[in-house]
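Enquirer: predicted model and sequence follow; I will ask about them next.
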Amino acid sequence: MDLHLLTSPPTEDERDAVDAVLGEPESGWEGGERRDIDGHVARRGHEARSRRTMLLPALHALQSRVGWISEGGLGYVCRRLEVPPAEAYGVASFYAMFSTEPRPRTIVHVCDDIACRVNGAEGVCAEFERNVGPPGDRWVRSPCLGLCERAPAALLQGFGDQPFDMPFAPLEGGNLAALTKGGGWTAYREIGVGSTPQLTGRTPTDGPWLLRRIGMYQDDRAGLVKATAETGGPLPSNDPTLDRYRAHGGYEALRRAVALGPEGVIREVKDAKLLGRGGAAFPTGVKWEAVAKQPVRPHLFVCNADESEPGTFKDRVMMENDPYAVIEALTIAGYATDSDQGYLYIRGEYPVAHERLRAAIDECRDRGFLGDDVMGKGFRFDVDLRRGAGAYICGEETALFNSIEGLRGEPRNKPPFPVERGLFGKPTGINNVETLLNVLEILSVGGPAYAEIGTPDSTGTRLFCLSGCVEKPGLYEVEMGTTLRELLTMAGGVRDGRALQAILLGGAAGSFVTEDDLDLRLTFEDARAAGVSLGSGVVMVFDDTVDLVDIVLRIAAFFRDESCGQCVPCRVGTVRQEEAIRRLAGERPRGSREQEVALLGEIAQVMRDASICGLGQTAASAVQSAIARLGVFDGAVPGGAT
């Protein structure tokens, strides 16, 4: 298409939306009213270019106000930020939640990913097609929305002067009929996790550890609160507050951190032998120490809350129900690594968590728990909340940095590593939500005591996201070393007493296991020895009614869609992988079945060995395990290893 971003004028709504984020323009060069002096002098160009980091917030503002990003609106953003139009269009077209074509004022994102798929998502999509029409302007199929414990799920977006984002889960009954046939509807937001948080094993407290505050400082009102679409009003309010958080021990960990000093905090984290909970399992204390020792200033610290792995929802539950703990933990990380600025990057599909974190950050800043003199302790730390826009790849740390900087969310080559040259080229620490929350418990009991929980090489507790064909889906906290069988028993076993066919560990980037693996201890070392990965804590159960070929196809399609396209092995490999699986599924192999399976193995090896980042390196993991362990394309009995 031909773009005329610098000549197409913005509408008043578009101009107002952008100015609300960037402030009023000060000259004609920035898109404001042209003055005589502007023909002779141009000022603040360098300052405007340094604000490119505001590109994503400005695009969000346009999308929220008018429902799409027009040439005129994008051109106005380009003038305000001094961003070349081609680059701005490249960013706007990169994210799934942005549209560069006109859309209606409301749109429904219906999840058809694997957790929702085994809980009726295809039936939901069929209902939409019958009553609304094919996917397009009014509704679209969506990858995982992070509501897997209440599948099937959808996200309704409304645009205009009062924009709103409302999750629906489970999508059934009256809500489904209303969304597909019109009329009034009500969005329900459940407080807490999908099932009762449970814990097995030894901890310093009798009961859940990371999950213990869930629901403890909620309002005394009913657990379900409502918001109606007619008002398009704000998200329902039943939120935690700073006073309630402090009444339950909040900010005591930060006081202990200040008493210990930065080096003392890092020592405790290293003594605890805390490994990262995002999938890579890198030693947290080692990472923090590397940032702290960098001579370049300033240092930055990022909380990666872009959990987009299908089947994962643990960070969402924690951010929605314990947002102040996330902020306190991030503040401790900043203090320990001598970072005076933090960033919290949250996925765009988490509107409730986003609103609660925004309110919590504002309250903490107003009351001195963030800012130039945190708690009067003589150090500065503040948090900037950034919202993604629908890109799985932005969970990769360097792609996340690029997204914050106003670039396409594409991974960077390593080295240099983030601890040396990360966000804005500065030494940067980065951890996910669960990893940071463990630091609060480490400072509460001490590093050595924390290390006594779990196993010598996998210390502490772990959050697992149980979904699929299970009686009690939800978020479970167990001591590291708990077996898969014990965890499944806690969740009530396979739904309706049916036979277990397979379990997906670690999400779409993980591996399938069978009933033969139920005695696997859930530790990093045991998973590694078994040739599987705990990943982001996904445990997705499939009973004997599930078509696993369909599940494998959906995983392959997911990686094809989510590949950023930067490197050839991933860009081409994910497409060729899906094509080969479709041929096998349709019993139309190119050559023999054995040749197609061998081709898939070769594609997997190339992606694993040559892709820039973890997306391409793990895009074939679940597919290969389904072939090897489940025999999905050779007629093997489900659950029988080959």
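Expert: The structure has been received and is ready for your questions.
Enquirer: domains of this structure?
Expert: Annotated domains of the chain cover 12-92, 106-190, 242-450, 455-534, 548-630 [automatic domain parsing].
Enquirer: V541: which of the ones you listed is closest?
Expert: If you check each of the domains of the chain against V541 by CB to CB, domain 455-534 wins as the nearest, at 4.2 Å. For glycine as for every other residue, the C-beta is placed from the backbone atoms N, C-alpha and C.
Enquirer: quick check: mean pLDDT across that closest one?
Expert: The average pLDDT within domain 455-534 is 95.
Enquirer: all strands for the stretch 1-150 of the chain, in order.
Expert: With DSSP state E, counting those that start in this stretch as the criterion, the stretch 1-150 of the chain has strands at 106-111, 139-142.
Enquirer: again, but for the stretch 201-350 of the chain
Expert: Counting by DSSP E, counting those that start in this stretch, the strands of the stretch 201-350 of the chain are 224-228, 299-305, 339-346.
Enquirer: kindly reformat these as a markdown table containing mean neighbour count.
Expert: A markdown table is the format used below for the strands of the stretch 201-350 of the chain (neighbours: other CB atoms under 10 Å):
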| stretch | mean neighbour count |
| --- | --- |
| strand 224-228 | 14 |
| strand 299-305 | 26 |
| strand 339-346 | 23 |
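Enquirer: where are the low-confidence patches of the stretch 151-300 of the chain?
Expert: Low-confidence segments of the stretch 151-300 of the chain (pLDDT under 70): 173-175, 181-208, 215-239.
Enquirer: am I right that S511 is in contact with A502?
Expert: No: here S511 lies out of contact with A502, judged by CB atoms under 8 Å, at a distance of 10.1 Å.
Enquirer: which neighbours do those two share?
Expert: R629 (CB atoms under 8 Å, 6 or more residues apart in numbering).
Enquirer: could you find the closest non-adjacent residue to A353?
Expert: Nearest non-adjacent residue to A353, counting by CB to CB, 6 or more residues apart in numbering: M319, 3.8 Å away.
Enquirer: compute the number of surrounding residues for that neighbour.
Expert: Residues within reach of M319, counting by other CB atoms under 10 Å, total 25.
Enquirer: so who does it touch?
Expert: Per CB under 8 Å, 6+ apart, neighbours of M319: A305, V326, I346, Y350, A353, R356, L357, V433.
Enquirer: three-state assignment of the fifth one?
Expert: Translated: A353. helix (DSSP: H, G, I helix; E, B strand; the rest coil).
Enquirer: adding distance to L210, write the domains of the chain out as a markdown table.
Expert: Formatted as a markdown table, these follow (distance: least, CB to CB, whole Å):
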| stretch | distance to L210 |
| --- | --- |
| domain 12-92 | 30 |
| domain 106-190 | 16 |
| domain 242-450 | 5 |
| domain 455-534 | 6 |
| domain 548-630 | 25 |
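Enquirer: tell me which of those domains sits nearest to T100.
Expert: Minimum separation from T100 across the domains of the chain (CB to CB) falls at domain 12-92, 5.4 Å.
Enquirer: let me see the mean pLDDT of that closest one.
Expert: Domain 12-92 shows a mean pLDDT of 85.
Enquirer: A336 touches V265, doesn't it?
Expert: Yes: at 4.1 Å, A336 and V265 qualify as touching, with contact defined as CB under 8 Å.
Enquirer: who touches both of the two?
Expert: With CB under 8 Å, 6+ apart, A336 and V265 have common neighbours A257, W288.
Enquirer: that older thread, the strands of the stretch 1-150 of the chain: which one's closest to A253?
Expert: strand 106-111 (35.6 Å).
Enquirer: now do the closest one: distance to the chain's middle.
Expert: 18 Å (CA atoms, centre = their mean, to the nearest Å).
Enquirer: show me what it is packed up against.
Expert: helix 121-131, strand 139-142, strand 154-158 (3 or more CB pairs under 8 Å, 6 or more residues apart in numbering; DSSP states H and E).
Enquirer: looking at the ones you listed, which one is packed in the most?
Expert: Most buried of the helices and strands packed on strand 106-111, by mean neighbour count (mean count of other CB atoms under 10 Å): strand 154-158, with a mean of 22.
Enquirer: which SS class is R571?
Expert: At R571 the chain is in helix, as set by three-state DSSP.
Enquirer: who are the contact partners of it?
Expert: With contact set as CB under 8 Å, 6+ apart, R571 has these partners: S563, G565.
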